[in-house]
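Enquirer: Provided below for reference: sequence and predicted model.
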Amino acid sequence: MAQERAKMPVVNITNDRLKKFVPGVKVDKVLDILPFVALDIEGVDSNVIRVEYNPNRPDFSSDYGIARALRGLLGIETGMPKFKVASKSGQAIRVDPAVKKIRPCIVALVAKNGRLDDETIKQLIAMQEDLHNGVGRRRKKASIGIHNLDAISFPIIYKAAGSDYSFVPLGESSSMTIGQILKESEIGKQYGHILDKFDRYPVIVDSAGTTLSFPPIINGDITKVDTKCRNLFVEVTATDQKAAEDVLAIIAVTLQDAGFEIRTVSIGNREMPQMRPNQIAADINYINGILGLDLDARQMIMCLKKSRLDAKTRGSKIICTIPRYRTDITHSIDIAEEVAIGYGIYNLEPTFPASTTAGQKNLLSTYFEAIRETMTGLGMLESLNFSLTSKEVQYDSFGIKASDMLSVDGSKSIEHEILRESLIPSLLQSLSRNVHEEYPQRLFEIGKTFRKNGEIAESWNVAAVVAHGEAGYTEIKSAIQALLKTCFGKDATTKAASSPFFMSGRCAEITVEGKTVGMIGEVTPPALERFKLRVPVAGFEINLSALTGA
């Protein structure tokens with residue numbers, strides 16, 4: 001059974017480019033240090049290093065961003081990278097008020113006098129898709145178009161068009177209407193849902209009537225980029241202005257690293273990109289307390305410079321200057337992390353706690369061990385899932401209209417945007433990712449759930465699902481009776497009830513000594529369909545905190 005794990009984006013770095021970007025440093029040395037810049041090595045072959053990064057670092061979406069961080073940690077270049085806007089381009093984008101009801105935000109830049117080879121184009125395309133999937137929430141929140149500037153006549157107009165509007169999409173030789181693109185093309189089928197509720201659609205055209213883009217779906221073919229391009233035009237459309245500017249800042253610094261001169265584009269009364277750095281103050285004692293170190297201000301500043309930040313002291317605080325592309329740094333705890341990276345996580349030494357008092361297991365841990373042993377004895381495999389999940393998995397798949405979701409502020413991944421209220425959806429997602437495996441499949445999980453009831457309430461739950469052609473209420477009820485009798489010495493009674501997870505008439509409350517502690521039932525057909533499960537599934541979930549009082 002495959003283990004549940006969020007797929008992280010991967011960047012391919014060729015040895016030749018690595019030697020060029022990080023001069024004088026052997027590849028083996030780079031491989032040793034990559035994990036200490038919060039990067040994982042997924043694989044290495046004769047010429048390519050595959051590096052996995054966390055989506056909260058979108059500046060790592062190309063080898064340029066990774067090399068930028070490595071040069072700092074290795075002491076080749078320290079401090080905040082110098083970003084220079086060469087000049088205003090003198091070009092402008094005019095926005096039709098009608099498009100603001102559909103996809104209201106647009107930002108852009110001009111990049112001139114650069115050179116593109118095949119590998120650089122691959123890096124830009126991979127970066128574009130990673131930014132689409134991360135900051136852009138699979139293009140719903142923000143999407144990017146990269147164009148050959150020399151094929152464009154300014155000013156550009158961002159406007160709304162009907163479904164009969166036609167142009168030649170990227171990779172096609174003949175014109176298609178927007179309606180045809182949405183219904184017939186693979187890219188339209190994949191992302192057309194973003195525009196489902198609209199009867200008019202955003203398009204970007206130049207003054208000669210050339211269609212640059214139909215965002216967030218596809219670019220026009222006439223502005224496609226190849227190795228002959230020396231000048232680029234980059235536009236980002238979005239439903240959120242900050243997301244658009246975050247994406248553009250990352251692209252701007254990447255293109256500058258690739259050798260382009262960055263020039264601004266006028267949109268309304270603003271010039272884009274906006275690259276002004278941010279500042280965050282952090283107390284020196286706070287940082288030392290978090291890291292268990294005793295650094296003075298000078299040492300901390302040196303560490304931050306190795307993390308490609310600038311800093312100065314003001315009294316007992318470090319005032320850290322953060323480049324615009326570092327969208328992940330928002331709090332003083334992030335400053336502490338950057339100090340740790342600059343200091344060298346490999347240099348941190350474990351210390352014994354001041355107290356010599358011996359600890360012991362708490363009561364819940366004892367129960368957890370007994371539950372794991374019992375559930376394994378019943379032929380079940382343990383699934384380990386994140387407490388953070390998606391709104392789609394937790395609510396939408398069951399038709400639940402949630403009003404009190406515990407959402408993550410500024411999440412960088414659509415898969416980790418809310419705290420889960422139940423373990424059942426996570427287990428169904430695990431089943432959905434293992435449809436290629438043999439049946440029967442039996443999973444259980446012990447994990448925390450979260451609910452907002454005036455204040456945030458946490459509880460430990462245990463849940464289980466069984467999936468096969470004959471899975472049903474009787475089988476899962478026998479499992480719960482065995483669990484409660486073996487681990488808690490208690491009997492369970494069930495009483496008909498309703499739940500959005502389970503079918504009407506095949507769902508019940510689980511009651512122990514007069515107290516309702518959980519639910520049991522057979523999963524609804526619509527939910528099975530949404531999770532692409534082709535066999536019946538039955539499951540239960542018990543609130544262990546309510547059952548044990550621990």
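Expert: Okay, I see it.
Enquirer: which ones are touching residue 43?
Expert: Residues near residue 43 by Cβ atoms under 8 Å, 6 or more residues apart in numbering: 49, 50. (Each C-beta comes from the backbone N, C-alpha and C, glycine too.)
Enquirer: A strand includes it, no?
Expert: Yes - assessed by DSSP: H, G, I helix; E, B strand; the rest coil, residue 43 belongs to a strand.
Enquirer: how close does it get to residue 95?
Expert: Distance of residue 43 to residue 95, given as Cβ to Cβ, to the nearest Å: 45 Å.
Enquirer: who does the host helix or strand of residue 50 pair up with?
Expert: Per DSSP states H and E, residue 50 falls inside strand 48-53. Its sheet considered, strand 48-53 pairs with strand 10-14 (antiparallel), strand 39-44 (antiparallel) by DSSP bridges.
Enquirer: of the ones you listed, which shows the lowest average pLDDT?
Expert: When those are ranked by mean pLDDT, strand 39-44 comes last with a mean of 92.
Enquirer: which outside residues touch stretch 114-122?
Expert: So stretch 114-122 is contacted by 12, 14, 17, 124, 225-227, 229-232, 255, 258-261 (Cβ under 8 Å, 6+ apart).
Enquirer: cross those against helices and list the overlap.
Expert: 17, 124, 255 (DSSP state H).
Enquirer: nearest to residue 453 among those residues?
Expert: Set against residue 453, the nearest of those by Cβ to Cβ is residue 124 (47.6 Å).
Enquirer: pretty sure that closest one contacts residue 62?
Expert: Yes - with contact defined as Cβ atoms under 8 Å, residue 124 reaches residue 62; the gap is 7.2 Å.
Enquirer: so what's residue 484 up against?
Expert: 490, 491, 492, 512, 542.
Enquirer: tell me the pLDDT of it.
Expert: 92.
Enquirer: wait, a helix at it?
Expert: Yes - per three-state DSSP, residue 484 lies within a helix segment.
Enquirer: quick one: it from residue 459, how far?
Expert: Applying Cβ to Cβ, the value for residue 484 to residue 459 is 17 Å.
Enquirer: identify the residue spatially nearest to residue 482, adjacent ones excluded.
Expert: Closest residue to residue 482 apart from its sequence neighbours, by Cβ to Cβ, 6 or more residues apart in numbering: residue 378 at 6.2 Å.
Enquirer: center of the protein, which residue is that?
Expert: Geometric centre of the chain, nearest residue: residue 413, 2.0 Å, by Cα atoms, centre = their mean.
Enquirer: for the host helix or strand of residue 527, what is the distance to the chain centroid?
Expert: Secondary structure from DSSP H and E places residue 527 in helix 525-530. Its chain's C-alpha centre and that of helix 525-530 lie 25 Å apart, by Cα atoms, centre = their mean, to the nearest Å.
Enquirer: pLDDT on it, on average?
Expert: Here the average pLDDT along helix 525-530 is 92.
Enquirer: contact partners of it?
Expert: Under Cβ under 8 Å, 6+ apart, the answer for helix 525-530 is 396, 397, 398, 399, 428, 501, 503, 534, 536, 537.
Enquirer: list the buried ones in it?
Expert: Counting neighbours by 16 or more other Cβ atoms under 10 Å, one finds that the buried residues in helix 525-530 are 527, 528, 530.
Enquirer: following element in sequence after that helix, please.
Expert: strand 537-543.
Enquirer: what's the neighbour count on residue 164?
Expert: 9 (other Cβ atoms under 10 Å).
Enquirer: give me the nearest residue to it, chain neighbours excluded.
Expert: residue 177 is the one closest to residue 164 (Cβ to Cβ, 6+ apart), at 5.4 Å.
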